[in-house]
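1. Task: produce atomic coordinates for the following.
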Amino acid sequence: MTERDRHLTPPPASSFFERLDAGRFAPTAGAGSPWGPDTQHLGPCSALLARAVEHHLVPDDRKRLARLTVDTLAPVPMEPLRIRVATVKPGRRTELVEAVAEVGDRPVLTARAWCMPVTPADYPSRPGGAGLRAPEPSPRPVRFPGAYLGGYMSAVDWCFAEGGFDELGPARVWARPRIPLLPDEDLSAWQRALTVVDSAYGAALCLDLVRYPVINADLALALYRDPAGDWIGLDTRTGIAPEGGALNTATVYDRTGPVGTATQTLLAQAV
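-> Model prediction:
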């Protein structure tokens, strides 16, 4: 099967997860990581944690997610997740909410979200920068040597304006989920963004993964406005320092301009 043929095939599942019961969700084939079909990609998992936070908020409070950090405690196997959510710091103006994903009785991911009141409708607008200049995005074949393309990678549309999974260095890429998080439920703006933003460091690898593997220990996403539309843009780059560490930073866009930033702290080691 060619890359183009693979790209044109249907997505590997109709959603990333299926509901089992209250708070428990089973991953589908669409959640399979590019590093292998036995572990879950952290993008859909992070979106599931954001969904728990969103459902936990009281609608009448008019609070929105402002920043969400996800810490990886262990690789996430292709097994059902139980999601727990609780308010850590209540407040009229700011609220800190924690969501935890467990496999069995073992926590594998933990997220903390700052939720803040929406700004008034007449608040002055100050865009966060120039837009991500690129033609109207359209799905293109995925080329990622050595990666498993049958799961998450085929459940997302990719359109690189610069760079690629098969190129080293910074990248500018548009991405959109091809399937929802759960059956018969639309993705929220935050869920859509988190589903793809975890791929920022993979899109901007700067060294050969075989000799210099890297893996993210966390994901921090801060949005000053919710992205509109299906496509999420990433202007992403990775920095590494000898006797230091590694960090990926990305500016996040929708089709009208920037919406926020994302960072990933990377474990970088030589083989």
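
2. Only C-alpha atoms from now on, for both contacts and neighbour counts.
-> OK.

3. Could you list the low-confidence segments of this structure?
-> Applying pLDDT under 70 to the chain flags the ranges 1-8, 131, 133-135.

4. tell me the helices in it, going along the chain?
-> 3-8, 42-56, 189-197, 200-203 (DSSP state H).

5. want to try a markdown table for these, with distance to Ala217 as columns?
-> Converted to a markdown table, the helices of the chain look like this (distance: least, C-alpha to C-alpha, whole Å):
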| stretch | distance to Ala217 |
| --- | --- |
| helix 3-8 | 29 |
| helix 42-56 | 11 |
| helix 189-197 | 14 |
| helix 200-203 | 11 |
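
6. Turn those helices into CSV, including distance to Ala22 and mean neighbour count.
-> Output for the helices of the chain, formatted as CSV (distance: least, C-alpha to C-alpha, whole Å; neighbours: other C-alpha atoms under 10 Å):
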stretch, distance to Ala22, mean neighbour count
helix 3-8, 35, 14
helix 42-56, 11, 23
helix 189-197, 19, 26
helix 200-203, 31, 26
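
7. Figure out which of these is closest to Pro107.
-> helix 42-56 (12.6 Å; C-alpha to C-alpha).

8. quick one, the closest one and helix 189-197 angle?
-> Between helix 42-56 and helix 189-197, the angle comes out at 170 degrees (axes from the mean of the first three to the mean of the last three C-alpha atoms, to 10 degrees).

9. Point out the other helices and strands that helix 42-56 packs with.
-> strand 63-72, strand 81-89, strand 95-103, strand 106-117, helix 189-197 (3 or more C-alpha pairs under 8 Å, 6 or more residues apart in numbering; DSSP states H and E).

10. let's go with 7 Å and repeat that
-> Contact partners of helix 42-56 among helices and strands, from 3 or more C-alpha pairs under 7 Å, 6 or more residues apart in numbering; DSSP states H and E: strand 95-103, helix 189-197.

11. Tabulate those (CSV), appending distance to Ser154.
-> Listed next are those as CSV, based on distance: least, C-alpha to C-alpha, whole Å:
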stretch, distance to Ser154
strand 95-103, 24
helix 189-197, 12
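
12. wait, doesn't Tyr224 sit right on Val259?
-> Yes - assessed by C-alpha atoms under 7 Å, Tyr224 is found in contact with Val259 at 5.9 Å.

13. now the residue nearest to Phe25 when sequence neighbours are not counted: how far from Pro44?
-> Ranked by C-alpha to C-alpha, 6 or more residues apart in numbering and with sequence neighbours excluded, the top spatial neighbour of Phe25 is Arg19, at 4.7 Å. The gap separating Arg19 from Pro44 is 14 Å, by C-alpha to C-alpha, to the nearest Å.

14. cool, Lys63 as well?
-> Counting by C-alpha to C-alpha - Lys63 and Pro44 are separated by 23 Å.

15. Check Pro27 too.
-> On the measure of C-alpha to C-alpha, Pro27 and Pro44 end up 9 Å apart.

16. which residues are in contact with both of the two?
-> With contacts defined as C-alpha atoms under 7 Å, 6 or more residues apart in numbering, the residues adjacent to both Pro27 and Pro44 are Phe16.

17. Wait, Gly183 touches Ser15, no?
-> Quick fix: residue 183 reads Pro, not Gly. Yes - applying C-alpha under 7 Å as the test, Pro183 and Ser15 come out as touching, 5.8 Å apart.

18. So between these two, which is more surrounded?
-> Ranked by neighbour count (other C-alpha atoms under 10 Å), Pro183 and Ser15 place Ser15 first, with 23 against 13.

19. Show the backbone phi and psi for the more buried one.
-> Here is the backbone geometry of Ser15 (degrees, to the nearest 10): phi -160, psi 160.

20. mind listing what it touches?
-> 30, 179-183.

21. Arg211 too?
-> So Arg211 contacts 270-271 (C-alpha under 7 Å, 6+ apart).

22. do Arg67 as well
-> 113-114, 221-223.

23. give me the number of residues near the closest residue to it other than its chain neighbours?
-> Leaving aside its chain neighbours, Arg67 sits nearest to Ala222 (4.2 Å; criterion: C-alpha to C-alpha, 6+ apart). Per other C-alpha under 10 Å, the neighbour tally for Ala222 reads 21.

24. Same check on the one 3 residues further on?
-> Using other C-alpha under 10 Å as the criterion, Arg225 is surrounded by 17 other residues.
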